[in-house]
Every structure is written in C-alpha cells, then in structure tokens.
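In: Quick one, fold the following:
(2 chains)
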Amino acid sequence: MRALSIAWKDVRHVYRDVAGLAMMLVAPLVLSFALGAAFGAGDSFSIPPVKTVVVDQDGGAGAGAPAAGALIAETLDGPEIADLLTVTRADTPEAARADVDSGEAGVAVIIPQGLSTALMGTGSAQVEVYKDPTLDIGPAIVTSVVQSVVQSLDGARAAALSSVQLATSLGVTDPTELSGLAGSTAEAFGAKAGATAPITLEERAPVTPGAEAPKQPNVASQVLLGMMVFFMLFGASAPARSILDEHREGTLARLFTTPTSRSVILGGKYIAVFLVVLIQSTILLLAGRFLLGADWGELGPVIALTLTGALCAASLGLVTVSFARTPAQAGAVSSAIFVFLGLISGNFVGTANIEGPFATARRVSPLGWLLEGWGNVLYGGSWGSIALPLLAVLAFTLVFFIVASLFFRRRYA
Amino acid sequence: MEAIVVEKLRKQFDPPKGPVAVDDVSFQIDEGEIFSLLGPNGAGKTTTISILSCLLRPDSGEARVGGFSVTREADEVKRLIGVVPQDIALYEDLSGRENLMFWGRMYGMSGAQLNKRVDEVLELIGLVDRQKDRVEKYSGGMKRRVNIGAALLHKPRFLYLDEPTVGIDPQSRRSILDGVKDLNAAGVTVLYTTHYMEEAQELSDRIGIMDQGVMVAVGTQADLVRMVGEQTRIDLALDRHGAALAGQWREFPGVSTVSEPEDGRVWLLVDDANTLMPRLFDSARTAGARITEINLAEPNLEMVFLHLTGRALRD
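Out: Below you'll find the model as predicted:
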C-alpha cells in the first residue's frame, strides 16, 4: 500500500512534466513517422510506381505468330507489376520521348515496327528504352520486363524452328503443314511463357524458430520498435532520477523518518518507473497500430515483451541513477549509457536489418535481446521464438535490480 | 519521567579527518516538556536531531526515545516521533491536502481515518481554504505550516522541530510558536532546535546550549542565567581607536569579557555597569575617541552563550 502510494505520486509527477512527455512519447513517434515516410509507409520497403509510356509500332508477324509488341505492352501494363509501373500509351516515339524529357514520364518503351517479323524471320529489330537519366530503379525494372518478354519470344521462335526441323527430318514436306506446325508451336510456347509473370518480386523474412507464418512488417513499425525500446530507457530515467531529486529536496530524508522501510521506498520507486515505462510503451504500441498500421504480432508474446521490456528499463534506469550523485549528473551519465546501448543493440537501424555477426554481438546488451524478441514476433514468431530473448532480458533485469538495490542501501544506510 | 535519554553521543562525518559534528553529548528530556537545543549554525543541533530521528547512526553513545533505542529499535522509535525538518520537505506539485494524505499513508494511515485526520490537521494549520492549491503556490509561511502539519498526522508522542521558523514572516512565526505551545499543552513532548534566543526563552521548559558539537550547558532559563551571575552586557559604538580601547578595557577590574571590535562596535560583560561606565567614557576621552552609542542588557541566554563560549549566538 505504501509502495503504491509512492509509485502513484511519482507517476503523477512524471506525467505533469510536458518536456518529459515529449521525450517519452512524441520523439519516438515523430522519428518513426519521418523514417516511415522516407522509406514508404506501405507493407514493405517500397518505391513509388514509375510512370512508363509505351509506343507499340509492331504490326505482328501474321496469322499464328505471336504479336511481340502487343505482348511486351500487355506485360508492362499487367496487374502483377501494377505497383511498380504506371503505364500509358503514346502514338509516336517522339511524343513518348517528349514525355520523358518533360518529366511527365520516367521511362518510354518504343517498340519498333517489324519486331514480330524480326523474331519470326531473319531480320533484326531493336526495342528502345528511353529513360530519365536521374532514375535508376524504374528504368531497370522496365528493361528487365522487356528483356524477359523478348527472351520468351526468342524461345518461341527457337521452338518453332525446332519443330519444323523435326517434322522435316520425319519426312513432312508440305509447306502449309510445316507453317501451321511452326505457328502452333510458337503460339503454344508464347502462351506458356505469357502465363507466368516475367518478373516476380519476393521479400524474404528471417526464418525464426516458432515462426509459423512469416509476414512482412512495414518500415514504420520496425523503426518504431527500435525507437520505442530506446526511448523506454529515457522514460525510465526520469522517474528513477526522482530518488536523487527527493534526496536534494529533503523529502527522501523525511520518508526515512517515517515507519516506512527503505525496501518499501525503493519498491515504490521501482513500481513507479515500471508503470511509467509500461504506459509509455503501451501508448507507443497503440499509436503504431492505429497511426502507422503496424501489426505487432501475436498478442500474448507482445504483452510478455512489453512487460519484460518495462521491467528491464526500470531496473536499468535505477542502476544508472545509483551511480550518480546529482540529478544533472544522472541525466548526463544515463544519456551516454543509453545512446551507447542503443548503438550496439541496433535500435537505430530497424529490426529487419540486423543479421550476421552484429546480430550475435548485440546480445551483450539487454536491448539487443529485447529487439531480437520483438523482431521475431513482428515477423510472425510466437512463444517459441521469444523464449530465449525473454529469459535473457529477465536475467539482465534481475542483475540490474540487485545492483541498484545494493547501491541504494549502501548510500542511504 | 524521562522520555528521551541521550548518553555520550558522538558523530564524525567522513572519519578520520572529517568534522566531529556531535561530541560526547548527553541530556534527557522529560515527558511533556519543551526542550530546546540552542546554538549557532554548525553547533550540532541538526545532527543530534537526525540521530534521534533514526536518520543517522551515532559512532558511539546511545539514545533512547520512549524507551526504544534509536539504533536497535528504529521502527518503534519512528512510530512515536513526528519530525519537522529544517528545510521544507514537501512535494511542490501536489496540493496541501495531497501532501498530507501522502505523508499520512507513510505512517500507515488510510481510508476514513486518514481523511478525518487530514481535515483536523488542515484546520489546525489554518489551510482549509487553500488545501486544494498546489504547494508551489503557497507562501513561505504556508509551506512551513504544511511542513509541520505533515508531522502531526499520526498524533506523535514526541515532536521534533528543527529550526521551523527560519526565513518566515513574523505573523507566521507567531502562529508556529503558539501552535507548538498548544501541542505541548495537549501532551506532546517537544524537542525544538533554534538559534533564536527569544524563541528558546519563550517556549522552553529547559534549554540545552550547544556549540561546535558540544553541549556546553543544560538547564532551565533561570538556571542558565544564574551561570553568568549578576553580570550586565554593555554594547558600545566608538568613532575610533576601537581595538586599542578594547585591549585597555580587558584589564579593568569587574570586566569578564570584551569582544573584538567590529565596525566600531564592542560589547563587554561586566559585574557592575553603574561603576564601570564613567571609567569607559574617561578612557575613551583620554584616547581621543568618542562613545557614540551605549546600550545595557540584563542577563539573558545570549549572555549565557557569550559567557560560556566567548562568541555571540549569531556568530
């Protein structure tokens, strides 16, 4: 009861401090919004669709042969890559190039007359990809699509020639029969090639134990996780410093003259720090869910990670305060420690980008373990994927709490 | 009946070279009396009260409050005492009522009992109308009253007040002194520290005079004044030659103490002021100086302190 009274008083004190609230809540959200906007707020790392102008001058190669120009144009305008390209048509190559020159479009694809004939005969034709020189990714996608279609048409031609040669070797000499065979073979090959999208984009999530259904978190949610875990420490720091504030203002000494034990006083302080961080992280998680569209994952593990994170932040906050003599000193020391931990734990690079040796190295920090757990849940992991991170974070928490208690008892013996 | 017993207390900060704040201090306080510790800043009053509040452990010696040892039975002692610290120890961002509710909970009170007691204390300290205002908006005197009220919530048997009137207006000071007398009349034993002689004289049944960590005298005001006999204090202002004249006057018969001159002002403790004053004027005239102001004071605690330590209380 007395510990809760102390905790309630401290929590109220923290939530009356506007500057502190800005640090705890506004800063991580603003950073996440900013970085999410910079890298796209969609379901994955994304780029805006490339405006593409297509000029199709190809008239086809006659009955039975695939119309190569139309196939290229349809593929570029297909639903599979609608997120990547926005396709419009132009009547002449000059108009298409003018669109690129004026910035109306990023890429122009100019399909020459006779492309289909060239593919079926012995002539040659060249598809022109006219691009804005300042763009890289968009033109590369367009070029890749066109190459893919042309390659499939090349395959159709090769298949038709092969079938004609095979028929000839088997004694078929009727030109009409051979022409029909070549046409149907090319059509069948073209249909087969066209049935499959020329480009498939696949994002792979880290394979984590217990991950039953890998999913793709959006950028903002990944950024927010790192920021949330980092700013939780600052959230913990303010109420933890209240020990030093109360020491300076004489209320701690006065508390010691009451029949309230030092353990209860420290316990009250710890509960206050825990509650402040818990409220902070809950608000940030909800804001991430409703403002950034974050899907944090399975509820049980999310709650477990939130509670464990708050416990760890509270213990770490008290430890950093226990080394200091004044609130100002505590602020400086704890900020330095928190930034260092944030750097080695990967708080500033997003959970998705941690792999290789760094993923192992960051386990020296409780934040590293916490982010690992959060990352696993974010990518669809369940209890199995967070068991080890949770245990590691709890071990850190216990050590921090013991150290803080010893310092507190020694200083105020 | 002895309610508080202090025997040979010693406390040194940062030993072995740190200052000895309290050195071999002994006294006792009887049930129901007001006992004042009088002395200048640094005399050891706050250290003594901190030991009796279980905030500091003495290096040696023993203190018992209500029969309980402050070192071995601190919890029992804390239930009996109410401590009013020298500096305001309140939460500025809480209202007066919220502060009292909080401190009441720290003494184990709750619910209707706590609410009722907070109402009583607010009435006692005269802050019923301002109870919902944050303490940061209170005047210094109002803060002092809440500071005292927070120590009264659990109806302590012993009340310690450590310089409770420092830095407040005369009206608030009067209110606090009257409040202490009322509490004492209601049966509370009071330990009061001050460096204001007038407060000690007005309030105290007995007084302990401390200086530089040592208890130099303990007794009633009458007992202490008798220590300086029938001496009178003469305060003088000279226009010149203060140092030379002070040295000359120390040799006069019937003069026990002469202070070092400060801004032309000198004080003397003398046996018979009527006989001595003409000689003082004569010697000043002979030295070419002029006495521009002279005051006589009957024996009081200030003179006791001067007599015992050779220094003024305000030093």
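In: Low-confidence ranges, the stretch 1-150 of chain B, go.
Out: B:1 (pLDDT under 70).
In: Around chain A, which positions in it sit nearby?
Out: Residues of the stretch 1-150 of chain B lying close to chain A by CB under 8 Å from any CB of the partner chain are B:53-55, B:57, B:75, B:78-79, B:81, B:83, B:85, B:87-91, B:93-94, B:102-103, B:105-108, B:110, B:150. (C-beta placed from N, C-alpha, C; glycine too.)
In: any idea how chain A splits into domains?
Out: For chain A, automatic domain parsing gives the domain ranges A:2-42+A:215-411, A:50-194.
In: Would you mark the buried spots in the particular helix or strand that has B:K143 in it?
Out: Per DSSP states H and E: B:K143 is located in helix B:140-149. Under the neighbour-count criterion of 16 or more other CB atoms under 10 Å in any protein chain shown, helix B:140-149 has B:G141, B:M142, B:K143, B:R144, B:R145, B:V146, B:N147, B:I148, B:G149 buried.
In: I'd like to check which residues are in contact with the fourth one.
Out: By CB atoms under 8 Å, 6 or more residues apart in numbering or on different chains, the contact list for B:R144 reads B:I88, B:P164, B:T165, B:I168, B:S172, B:I176.
In: Please enumerate the helices of the stretch 101-250 of chain A.
Out: A:115-120, A:137-169, A:175-194, A:219-240, A:242-249 (DSSP state H, counting those that start in this stretch).
In: Of all these, which one comes closest to chain B?
Out: helix A:242-249 (6.8 Å; CB to the nearest CB).
In: elements contacting whatever helix or strand comes next after that closest one?
Out: The helix or strand immediately downstream of helix A:242-249 is helix A:251-256, counting by DSSP H and E. Contact partners of helix A:251-256 among helices and strands, from 3 or more CB pairs under 8 Å, 6 or more residues apart in numbering or on different chains; DSSP states H and E: helix A:242-249, helix A:262-291.
In: any idea of the angle the shortest one forms with helix A:219-240?
Out: The one in question is helix A:242-249. 30 degrees (axes from the mean of the first three to the mean of the last three CA atoms, to 10 degrees).
In: and if you look at the longest one?
Out: What separates the directions of helix A:262-291 and helix A:219-240 is an angle of 160 degrees, with the same axes, to 10 degrees.
In: Mind checking if helix A:262-291 is in reach of chain B?
Out: No - using CB under 8 Å from any CB, helix A:262-291 stays clear of chain B, with a minimum separation of 9.0 Å.
In: Mean confidence (pLDDT) on the helix or strand following that helix, please.
Out: Using DSSP H and E, the helix or strand that follows helix A:262-291 towards the C-terminus is helix A:299-322. Mean pLDDT, computed over helix A:299-322, is 91.
In: Of all the residues in stretch A:97-116, which ones are buried?
Out: Of the residues in stretch A:97-116, those buried (16+ other CB under 10 Å) are A:97, A:99-100, A:105-112, A:114-116.
In: Quick one: distance of that stretch to the chain centre.
Out: 34 Å (CA atoms, centre = their mean, to the nearest Å).
In: now do the same end-to-end measure for that stretch.
Out: 23 Å (CA to CA, to the nearest Å).
In: Contacts for it next, please.
Out: Contacts of stretch A:97-116 (CB under 8 Å, 6+ apart): A:50-61, A:65-69, A:72-73, A:76, A:88, A:90, A:93, A:96, A:123, A:125-132, A:135, A:138-139, A:142, A:146.
In: Tell me which of those fall in strands.
Out: A:V50, A:K51, A:T52, A:V53, A:V54, A:V55, A:D56, A:T88, A:E128, A:V129, A:Y130, A:K131 (DSSP state E).
In: Take those and write them to a markdown table, including pLDDT.
Out: Listed next are the ones in strands among the contacts of stretch A:97-116 as a markdown table, based on pLDDT from 0 to 100:
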| residue | pLDDT |
| --- | --- |
| A:V50 | 82 |
| A:K51 | 87 |
| A:T52 | 90 |
| A:V53 | 90 |
| A:V54 | 91 |
| A:V55 | 90 |
| A:D56 | 88 |
| A:T88 | 89 |
| A:E128 | 87 |
| A:V129 | 87 |
| A:Y130 | 89 |
| A:K131 | 85 |
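In: who wins for neighbours among those?
Out: A:T52 (28 neighbours; other CB atoms under 10 Å in any protein chain shown).
In: can you tell me which residues contact it?
Out: A:L76, A:L85, A:T86, A:V87, A:T88, A:A105, A:G106, A:V107, A:A108, A:V109, A:G138, A:V142.
In: what's the helix or strand for the residue nearest to B:G141 when sequence neighbours are not counted?
Out: Counting by CB to CB, 6 or more residues apart in numbering or on different chains, the nearest residue to B:G141 once its immediate chain neighbours are dropped is B:S172, at 2.9 Å. In the assignment (DSSP H and E), B:S172 maps to helix B:170-185.
In: Now tell me what touches that helix from outside.
Out: With CB under 8 Å, 6+ apart, helix B:170-185 has contacts from B:32-34, B:124-126, B:139-142, B:144-145, B:148, B:152, B:159, B:161, B:164-165, B:168, B:190, B:192, B:199, B:202-203.
In: Now with 7 Å, please.
Out: The contact list for helix B:170-185 (CB atoms under 7 Å, 6 or more residues apart in numbering or on different chains) reads B:34, B:141, B:144, B:148, B:159, B:161, B:164-165, B:190, B:192, B:199, B:202-203.
In: relative orientation of it and helix B:140-149 in degrees?
Out: Going by the same axes, to 10 degrees, helix B:170-185 makes 20 degrees with helix B:140-149.
In: buried set for helix B:170-185?
Out: For helix B:170-185, by 16+ other CB under 10 Å, it's B:S172, B:R173, B:S175, B:I176, B:L177, B:G179, B:V180, B:L183, B:N184.
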